[in-house]
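Asker: Need a 3D model of the sequence below.
(3 chains)
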Amino acid sequence: MAHQKKNRNVGIIGIGQTKHSSHREDVNQPELIHEAVSLALKDANLTMKDIDCVVHGNMELFEMVHSPDLWHVLGTGAYGKDSIRITTGGTVGATLSCASDNLVASGMYDIVMAIGFEKLQEGHTTGGITNMACPLWFRKIQAGALTGSSAYDVEREFGLERADRASLMYRIIMDKHASLNPNAHRAFGLDFSQIDDLIRTSPKLVGELKLIEMCSQSDGACCVIYACEKKAKELSKIPVWIRDHITVHKEENFTIFGYDRKYPVLKTHKFAAEQLFKRNGINDPLNYFDVFEMYDPATWWAIDWIRDFFNLQGDEHLRLIEEKEIMIGGKMPINPSGGVIGSNPIGATALVRVAEAALQVRGNAGPHQIPTPVNHALASGFGGTMWTVMTMLEKELNW
Amino acid sequence: MAEYWGVKVEDIFNTMKDRFRPEGAKDVDAVFGYDIAGEGKWKLTVKNNAMTLEKADQLSGCIATMSADGETFVGVNTGKVDATNAFMSGKFKVEGDMGAFGKTGKLFRKFVLAKKEMTTKEYLADMFATIVPRFKAREAEGLEASFGFDLGGPDGGKWTVFIKDKVCTVTETIEGKPTVTLEFNDARDYVDFILGKIDAQSILAAGKASAKGDINMMASKWPILFEKYKDPMAGAVQEQELLVLKKTISLNEKFSTGPIMGKFLKGLKEKKIFANRCPECGRLQLPPREVCAECRVRAGEFVEVGPKGEVRYMDVVYYAMPDPLTGVARETPYGSIFIRLDGCKGNETLPHFIRKDQIEKIQRGWNEKKGTRVRPVWEEKRIGDIWDIKYFEIDE
Amino acid sequence: MGKRLAVCAVAQIKNHPDYHDWRFQNMLLECFEPIVEETKVTFDMDKGIRTIITCSDDMFDARTISDNGITDVVGAHFRGEEKMAQESINGLGYAMACILSGHDDVILFMGHCKESQGESRRMISNLAYDPFYCRPLGMDYHNVDALQARAYMEKSKVTDEHLAKVVVRSRANGKKNPYGRENKIVSEKDVLNSPMYSDPLREMHIYPVTDWAYGMLLCSEKRAKEFTKKPVWITGYGSCMDRYFLGDRDIASNFSLKNAAKRAYAMAGIKDPRKDVQVFELSDQAAYQLPMWAEGVGIAEEGRGGQWIDDGGMERFNVNLSGGQLNGNPLLLGGAARALECYYQLSGQAGKRQVKGAKRAVAQAATGGAGQHQAVIVMEA
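Answerer: All right, here's what the predicted structure looks like:
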């Protein structure tokens, strides 16, 4: 296997995120970023002097600012430092984490700060997403980022009623998690007793995809500080180690479904998980990981991807949901933070997944902390034309 | 009628006429219903840039009806309750044409609770009414004195405060010969003085007031004898007005099609639909692409496909995103279909739309089972654009 | 793993004022195929390219997630792809990190941009400024550069005549570059008579609107010989960000470039660039930037840019033999163009522009008006 041994280990030593919300009119973009940066520096007990390089990312067409890292230097503190700007669409937050890991592991920088943010209210989110499509043809006929195809898939396979209930079950579990997370954007205080009512009354957006099953649009920023092993051990009592990460993209076309068993459509999630686990010698991811912060833009995709990520068969993934094993305290807690359905500041979202997973490993995430020890965590990012980024985090340097 | 945050449901409806924005009603011609639990039903008719509102017994004939309880309704209208949260958790529901109801957002200016302000008369009344409650009896040991207040101006008045045997009383005249008398030309200055907005020095120096009698005794003793007056209006912070800079940023673009996409678009002009084939794996790509991404080779020959085919998947879209530049949203519901044109196999599908009135009749394909067969309906004048196909319709 | 990155192969199309017959996919394909053919590199998950780094801009492309449109063409289907949303030169620094970290050992680096697609590149750079103050004032990279030009020219005694020399030379050199944009050959008089664009910058002082695409195959030291007999090494990288508001900066000071260069030189073990480096490629988006960046990288004395030109500094240090960015490269791809020229020079493929015995080269590029963010790479034969 050509995958090389990591040059040196990298640990997360600082985490900061703003409370995600739809109304941050009180701050401008650099100020929003600064909030997260200050929190991360405080968490790591560092000052900007200690940072060697700043990694910045978001989707510029959402706020219509070109090369925003230039203006944002007012809030990022990158003045006088090396800085890099990487973007990859919805996955950008996860890419920032991968990039920071690469930068520190390479030996070129000892301490790197990753900053992801989005201020969706300042732009036109739908316009931004519609603009992703090819201007020559698809932009004119597409429906934004919404499709009911994943709902259709799950329903055909498991029956309308079971599928709908599983979807709402997942949604309510995420809402319960979000209610425990002080930084989450939306928590409605839903209860399982509302499943039937919500199935009936939540308005349909596209096909069987209902409003309640879609993620929010949020404003927020997240900042994570990465350090080389030596410094991480010096500076932090509980560094969270980045074990590995993988990025898998897909071609431009949008045929994401496969209604012909002779022509299955391979998904990047499955592929990414397979490759990542294979090269790390993990045969039973469901038992190996203690928590999974998954990028879930909608309940239906989440349901489908649980099966892909963990290589489950039949209806195992539905049962994990139905038996509430994905809840905090369950066998495979998913999104104790409330997930993307709870908060979605697009440029930061995937980084928040890594940050939340790291918080769980540390053991001090707050009210939404998993009660049992978290030694192995997994975080995923999603975006673009069905791209996936996955990151593995570890409590001990023992792999 | 119940009040929420000091506002009644009625207040929201009664102020609709005043808050109405004719410019927001430009292309609205509909009747909307409001069903507020426990409070009543209202019908709002918007037509010709004008509105009429009436309380109603039933809400038939409404294009959309919103139902909520009083608290949610008032909350959403005053900004105390986040509308999205309320909607998502089912606290308010909309039945009927949601898109149409969405337009009501532009019809009215926001409901703002009138800010209460106390008048000079109200302040004076309150200040003197609270003298006795603010009196600290134990500080008045052995003290016998009276203080006269002669406050001029249209809102003024006269008061005397008596202290004797550790008891305090107030009369609304100048009685007897007060130990100290304060005379103000304008009662408003007295109020401002007590509220701390102006100081004694400035008042006396400007000749706005004068004192007769043992003023030093009053100055030193009064703050000990009485608790400081608390302004009932303090803490009601004025909301900051947010300035909003709205700008549509648009840049003209000249997109090149390149030879591959160019051939596809040109083909549409001639009522032909072209895909191209990968020389290695043989798959067809529709629209044609420069490479086959799986094989990483230059894609090869063009193949004409269709024009008829079967529907493999359809998304019925209920909620249309408005076009960012024009604000116009497609009429819903519409059917977004993926068609496997004749000559294509597997998932080699072309996305487009189905004729609006045929959405219900469409059967999606599944494995070997074929979906409804459809054919394109072409525009009369074609320009080499995906919209040269108006839509697809059932091929019967 | 060693401390250097190998450049195994490069490919580019000609810099052109308007590729209206091609879209990005076509442009990139022309760069993709030669690299794959020359090096026989595969996309095998074990032995081939697993990660592709791209460089493009959402606003120039008028496409959100501009890399999503070209994923197919750069071979990123079921492979990793990350987009450098800054000057392309930083992509090389990032690629270096990816490889030195051990995460990847072969990386394909491709970029594209069509400045001709949008009606105004100035409207785009205007959007780099904050919406409340600088943007409504009308600041864009060109007029901000003009402010810097004024300050710099006074400090370093650079005159209108010096700038004319720079422009004439850039076009003459560009002509010797088979990939250089074809520009009208002009005389110094022509330049001096060129209409004022943004005082003190004349129209001819600013790089012309250009479309371009390129590709580079990068890999770890261990595997270089699998792909090429003559790898060129990237041995140093440094970047630095300056403050945002012009009033907060000393815009004639070269603060960010000096720091970036210092870090790059330290990494590469360069003690004195004047002695240790034979070729310099500086991204001059406007003519005054050539002497200014020359000061910043340490080959012209501070404050003596004008004199440096008079003393033949541009020839002595083999500066911008490619024509520089001034001859025409798109905004964010100047750095890659500089790196490609350094590659040709160090591998003996620079044809008429070849510097004999070139052992080391320095490439530089900036993002933002008045060079707010600068990056430098050092390359070695």
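Asker: who's in contact with B:Phe32?
Answerer: B:Lys43, B:Leu44, B:Thr45, B:Val46, B:Cys62, B:Ile63, B:Ala64, B:Thr65, B:Met66, B:Ala100, B:Phe101, B:Thr104 (Cβ atoms under 8 Å, 6 or more residues apart in numbering or on different chains). Bear in mind the C-beta positions are built from the backbone N, C-alpha and C, glycine included.
Asker: With respect to B:Asn276, which of these is nearest?
Answerer: B:Asn276 lies nearest to B:Ala100 out of those, by Cβ to Cβ, at 43.6 Å.
Asker: Same question for the closest one, what's its three-state structure.
Answerer: Following DSSP: H, G, I helix; E, B strand; the rest coil, we place B:Ala100 in the helix state.
Asker: any idea how far B:Gly33 is from it?
Answerer: 11 Å (Cβ to Cβ, to the nearest Å).
Asker: higher neighbour count, these two?
Answerer: B:Gly33 (23 against 17; other Cβ atoms under 10 Å in any protein chain shown).
Asker: So B:Asp27 belongs to a strand, correct?
Answerer: No. If the criterion is three-state DSSP, then B:Asp27 is coil and not within a strand.
Asker: So what's the residue count around it?
Answerer: 8.
Asker: contacting residues for whatever residue of the stretch 251-399 of chain A ends up closest to chain C?
Answerer: Nearest residue of the stretch 251-399 of chain A to chain C: A:Glu251, at 4.5 Å (Cβ to the nearest Cβ). A:Glu251 is in contact with A:Thr385, B:Ala293, B:Glu294, C:Thr71, C:Asp72, C:His77, counting by Cβ under 8 Å, 6+ apart.
Asker: thinking again about what came up before, among the contacts of B:Phe32, name the ones in strands.
Answerer: B:Lys43, B:Leu44, B:Thr45, B:Val46, B:Ala64, B:Thr65, B:Met66 (DSSP state E).
Asker: Kindly indicate which of the residues you listed lies nearest chain A.
Answerer: Relative to chain A, and with distances defined as Cβ to the nearest Cβ, the nearest of these is B:Ala64, at 11.3 Å.
Asker: returning to that earlier point: ranking by neighbours, what's the top pick from the ones in strands among the contacts of B:Phe32?
Answerer: Among the ones in strands among the contacts of B:Phe32, the one with the most neighbours (other Cβ under 10 Å) is B:Met66, at 24 neighbours.
Asker: Now do the same contact list for that residue.
Answerer: So B:Met66 contacts B:Phe32, B:Gly33, B:Tyr34, B:Asp35, B:Phe92, B:Lys93, B:Val94, B:Phe101 (Cβ under 8 Å, 6+ apart).
Asker: Got phi/psi on the first one?
Answerer: This points to B:Phe32. Backbone torsions for B:Phe32, taken as degrees, to the nearest 10, come to phi -110, psi 150.
Asker: pLDDT at it, what is it?
Answerer: At B:Phe32, the model reports a pLDDT of 93.
Asker: Could you find the closest non-adjacent residue to it?
Answerer: Counting by Cβ to Cβ, 6 or more residues apart in numbering or on different chains, B:Phe32 lies nearest to B:Leu44, which is 4.6 Å off, once chain neighbours are set aside.
Asker: I'd like to know how far A:Lys176 sits from A:Asn45.
Answerer: On the measure of Cβ to Cβ, A:Lys176 and A:Asn45 end up 33 Å apart.
Asker: Between the two, which has more neighbouring residues?
Answerer: More crowded of A:Lys176 and A:Asn45, by other Cβ under 10 Å: A:Lys176, with 20 against 11.
Asker: what residue is smack in the middle of chain A?
Answerer: A:Ala350 (3.1 Å; Cα atoms, centre = their mean).
Asker: tell me the contacts of it?
Answerer: Applying Cβ under 8 Å, 6+ apart, we find A:Ala350 in contact with A:90-97, A:116, A:295, A:379-383, A:389.
Asker: Give me the domain ranges for chain B.
Answerer: B:3-106, B:120-228, B:258-394 (automatic domain parsing).
Asker: what about the chain, any weak spots by pLDDT?
Answerer: No chain in the question, so chain A it is. For chain A, applying pLDDT under 70 flags the ranges A:1-3, A:143-145, A:254-256, A:258.
Asker: The intended chain is chain C.
Answerer: Across chain C, the ranges flagged by pLDDT under 70 are C:1-2.
Asker: Give me every residue in it lying close to chain B.
Answerer: C:19-23, C:25-26, C:29, C:33, C:36, C:43, C:59, C:62, C:71-73, C:75, C:77, C:114, C:116-120, C:123-124, C:127, C:131-132 (Cβ under 8 Å from any Cβ of the partner chain).
Asker: Pull out the buried members of the residues you listed.
Answerer: C:19-20, C:22-23, C:25-26, C:29, C:33, C:36, C:43, C:59, C:62, C:71-73, C:75, C:77, C:114, C:116-118, C:123-124, C:127, C:131 (16 or more other Cβ atoms under 10 Å in any protein chain shown).
Asker: In helices, which of the residues you listed appear?
Answerer: Counting by DSSP state H, those place C:Gln25, C:Asn26, C:Leu29, C:Glu33, C:Val36, C:Met59, C:Met123, C:Ile124 in helices.
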